[in-house]
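Sequence and computational prediction follow.
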Amino acid sequence: MSAPSDDGRGTPDVVFVSHEATRTGAPLMLLYVLRWLRDHSELRFEVLLLEGGAIEADFAAVAPTTVVADIGPGRLDGVARRFGAHRLADRLHERRRRAALAPLRGASLVYCNVLESLAALPLLDPGPPDRVVVTHIHEMRAAFRALAPAARAQLRRSDRFVAASDLVRELAIDHFGIDPERIVRHYECIDVEALHATPPPAEAVEAARRSCGIPVGAPVVGAVGVTGWRKGPDLFVLLADHLHRREATRDVHFVWLGADPEAPETRSLRRDVERAGLADVVHFVAPEPAPGRWFALFDVFTLTSREDPFPLVCLESSLLGTPIVCFANTGMAEFAGEGECGFMVDYLDVEAMAARVTDLLEDPDRRAEVGRRASERVQREFDYRVAAPLLAADIERWRPRR
Amino acid sequence: MTSADPLRLLVLLPDAADDPATQELLGVLADAGDDALAARAVAWDGGPRLAALRGHLPVSVVADLGGGPAAALERALLRLGRRGAGFAVRRRRLGVRGAIDAVYLTSPRAAPLLRFLPERARPPVVVMVPLGEMTQAEHEPLSDEDRDLLLRTTDRFVVASLLDRLERLGVPSDRIVRIGAPDDGAGAPGPDPARLAELRGRLAVPEGADVLAGSGPLVWRGGADLFVRLLWMLRARRGRDVVGVWVGADADPLERRQLEHDIAHMDLAGRVHLLADDDADALSMADLHVVTSREVDAPEPYRPAAERGQGLVGFRTDVLDRFATDGAGELVEFLDLERLADAVERLLDDAAARTALAGRVRARFEEWHVPPARTRFLLQTLRSAR
């Protein structure tokens, strides 16, 4: 039996590390898995967040949660810093952080939810000699290249890997040099029941429509994400421009949800939209904690990401019966297929994406049919009640027996 | 007054410092010649270039005005609130007499001198805004009173650049006349054939391939991503062998990496070359120069094409739109890559049209930038301001 922690709760079997607690794919996926584990397993686990965020309290409701960034300086390091002894202050702060995390060191398995979370490993050293490190890879080429050196240096310490899609698994093997025997694929998942239980009220959907000045009956093409390069908002603007120049699709509106209005990228995109004369039909909407009303507004969901392992927003959109159109380079292509649950087009081929969107907008029956298949598949395979047990079984299998 | 009559010009300048404003004026005076100009100048202050200026025209300096009865009379009139009469005395003290066709300010910094002009029957006022002056004005702003006076009184702002800033000050666009920064007119030195051959070899440009050029930093406003997309469209259209060279890709490692990602995935590796400024000679290989910038101002985006005598195509954005009037460039609506590709294809297929376009680009460039054509343009602006 491991030594008890300060509050007497004992050393956990597993520490789940998340790089942050934002309402984004990887933290949400982890939260769903933890909820399932809490309700269906005997596993004792704790959560270590490198940074906090909007769903921090949700993690805390599932398991004891520590936020590394919140372990602030103590009195001693404060004094040291006042006297200009910054190195000493840093060392004291580091010691304080390590002391706070001491109860977690005995965990026999550390699960890092993204590559960036590997930066937590030194804080959990020394661990048991047989400790297993599992890393869930959501990253693709560009994200891997942008990985902080501190996390990159820890990559070789990982014993097992989980890939967010087949595409990510292939990349991890081909480009990151990961042993194929040590990496398995588990698709991302969502909470279908919760989404079904809280459908957006019709008036909320109408309010969303009105807030953008979208006329009743006008088709809406949607996309969701931050406005960074990786998500391809520039390609979304080109898509809108392409469609708006055609008579048949001139009345289509385009909504990008998740655009921080203060972000420089959003401001640049808005200038593009204004210059191109698209300001009336392209709308950049700030992120919302409950974005369902926007999803309900979309007739077609487009994923213009240059890289995306398996975005949850596509599953949420599909659950509502809205077909997706994505580039073939994202993990979502594995879900969409060729007209089964959506459509994929060649990477960066905005014109081909525009053609697919046009087809779907012009054929409501087809749209409904593809959307229905997509919704059924999400309920069948991508609810966390279905997906989490599969991942939990692997975690249980990899955990050292004592 | 006919165009043959000398222009009776009152030049107002902040000082005779050795700065762009004074150099600009000296250049104009030298190019204009005595036949075109009957000018006198008033400077607020002196400076190292005063003697050089006085070699061309009489210059009075406000700071050098002495005392005496005229000064006392002026002070008394101003104290009595008779500003018009007071400033009339001031004009006489500065030697400003007789008819004036136009008032020319070498810089917005000369705005305080506008007070001395007669309010009734005021001659038209033209203000030159040399390159960098508005930036300076933002750091050392005119007083609110002088700024209002400048904006209220000026009939034409002649700007070398930074158009957006001037428009942000609230100057209506019909009062803005665009002129380029002075250029020696020699054009870009053409690389010697050996250097060109070395570049073609290094970049593996196939024999007979069309070459498109673009330039600028690899940042969002530079629009290099749109240049790459244009290349991709052209190659996809009919398998056309087109090579793109983009010069200015020195820094910005992140943007470069992102662009290289797109280039690789569009299967354009080896067909689009991101080159540093050191390889600007590569621009001379181009059949056409393409401007896909989102925001363009300084340095002028048409300059590489004009200096090299190349045709210019691009998006219709502020500066470029003004430059390309009367056919000095083929422009399409912003972001309309399909039309841009149409224009490029048409020109690549028509060597005569390409040459004619290049000629018009060059002529406009000379009009805007190269003395004495530039001075002729400026004098024309002064005459037409009446």
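Thanks, I have the structure now. Because the structure is a prediction, the values reported are computed rather than measured.

tell me the contacts of residue 36?
Picked chain A for this. A:384, A:385, A:388, A:389, A:392 (C-beta atoms under 8 Å, 6 or more residues apart in numbering or on different chains). Yep, even glycine has a C-beta here, placed from its N, CA and C like the rest.

meant chain B, my bad for not saying
B:6, B:7, B:379.

Could I have the buried ones of those as PyMOL selection syntax?
Selection of buried members from the contacts of residue B:36 for PyMOL, criterion 16 or more other C-beta atoms under 10 Å in any protein chain shown:
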select buried, chain B and resi 7+379
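
will you turn the contacts of residue B:36 into TSV that also has pLDDT?
What follows is the contacts of residue B:36, written out as TSV (pLDDT from 0 to 100):
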residue	pLDDT
B:6	83
B:7	85
B:379	84
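
would you turn the contacts of residue B:36 into a markdown table with distance to residue A:331 and secondary structure?
Formatted as a markdown table, these follow (distance: C-beta to C-beta, whole Å; DSSP: H, G, I helix; E, B strand; the rest coil):
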| residue | distance to residue A:331 | secondary structure |
| --- | --- | --- |
| B:6 | 76 | coil |
| B:7 | 71 | strand |
| B:379 | 66 | helix |
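
And the contacts of residue B:36, which is closest to chain A?
Of all those, chain A sits closest to residue B:379, with 34.5 Å by C-beta to the nearest C-beta.

tell me the contacts of that closest one?
Taking C-beta under 8 Å, 6+ apart, one finds B:7, B:28, B:32, B:36, B:37 in contact with residue B:379.

Among these, which ones are in strands?
Assigned to strands by DSSP state E, the following of the contacts of residue B:379 qualify: B:7, B:37.

Mind picking the lowest-pLDDT entry from the contacts of residue B:379?
Within the set of the contacts of residue B:379, pLDDT is lowest for residue B:36 (72).

What separation do you get for that residue and residue B:9?
10 Å (C-beta to C-beta, to the nearest Å).

again with residue B:361
Taken as C-beta to C-beta, the span from residue B:361 to residue B:9 is 31 Å.

What of residue A:166?
Taking C-beta to C-beta, one finds residue A:166 at 76 Å from residue B:9.

what about the two, which has more around it?
Neighbours per residue, other C-beta atoms under 10 Å in any protein chain shown: of residue A:166 and residue B:9, the larger number sits with residue B:9, 25 against 14.

Check whether residue A:43 really touches residue A:396, as I assumed.
Yes - counting by C-beta atoms under 8 Å, residue A:43 does reach residue A:396; the two are 7.3 Å apart.

residue ranges of the strands in chain A, please?
A:14-18, A:45-49, A:65-67, A:109-112, A:132-137, A:160-163, A:183-185, A:220-224, A:253-257, A:282-285, A:300-303, A:324-327, A:342-345.

Given the first one, what are its sheet partners and their directions?
In its sheet, strand A:14-18 lies beside strand A:45-49 (parallel), strand A:109-112 (parallel), with partners assigned from DSSP bridges.

which ones are touching the spatially closest residue to residue B:142 that is not a sequence neighbour?
Distance criterion C-beta to C-beta, 6 or more residues apart in numbering or on different chains; nearest residue to residue B:142, sequence neighbours excluded, is residue B:111 at 5.6 Å. By C-beta under 8 Å, 6+ apart, the contact list for residue B:111 reads B:105, B:127, B:142, B:146, B:147, B:149, B:150.

and residue B:111, which of the three is it?
Following DSSP: H, G, I helix; E, B strand; the rest coil, we place residue B:111 in the helix state.

Then the one 4 residues further on?
Secondary structure of residue B:115, reduced to three states by three-state DSSP: helix.

shouldn't it be in contact with residue B:149?
Yes - counting by C-beta under 8 Å, residue B:115 touches residue B:149, with 6.8 Å between them.

before we move on, the earlier item: of all the contacts of residue B:111, which two lie farthest apart?
For these, the maximum inter-member distance is 13.2 Å, found between B:105 and B:147 (C-beta to C-beta).

which of these two has more neighbours?
Just comparing residue B:105 and residue B:147: by other C-beta under 10 Å the higher neighbour count belongs to residue B:105, 26 against 16.

I'd say that one and residue B:13 touch.
Yes - with contact defined as C-beta under 8 Å, residue B:105 and residue B:13 form a contacting pair (7.3 Å).

returning to what we had before: more crowded one of residue B:115 and residue B:149?
Per other C-beta under 10 Å, whichever of residue B:115 and residue B:149 has more neighbours is residue B:149, with 18 against 14.

what residues are up against that one?
So residue B:149 contacts B:111, B:112, B:114, B:115 (C-beta under 8 Å, 6+ apart).

what comes up buried for stretch B:53-69?
B:53, B:56, B:57, B:59, B:61, B:62.

Quick check: the farthest pair among those residues?
Most distant of the buried residues of stretch B:53-69, by C-beta to C-beta, are B:56 and B:62, 19.2 Å apart.
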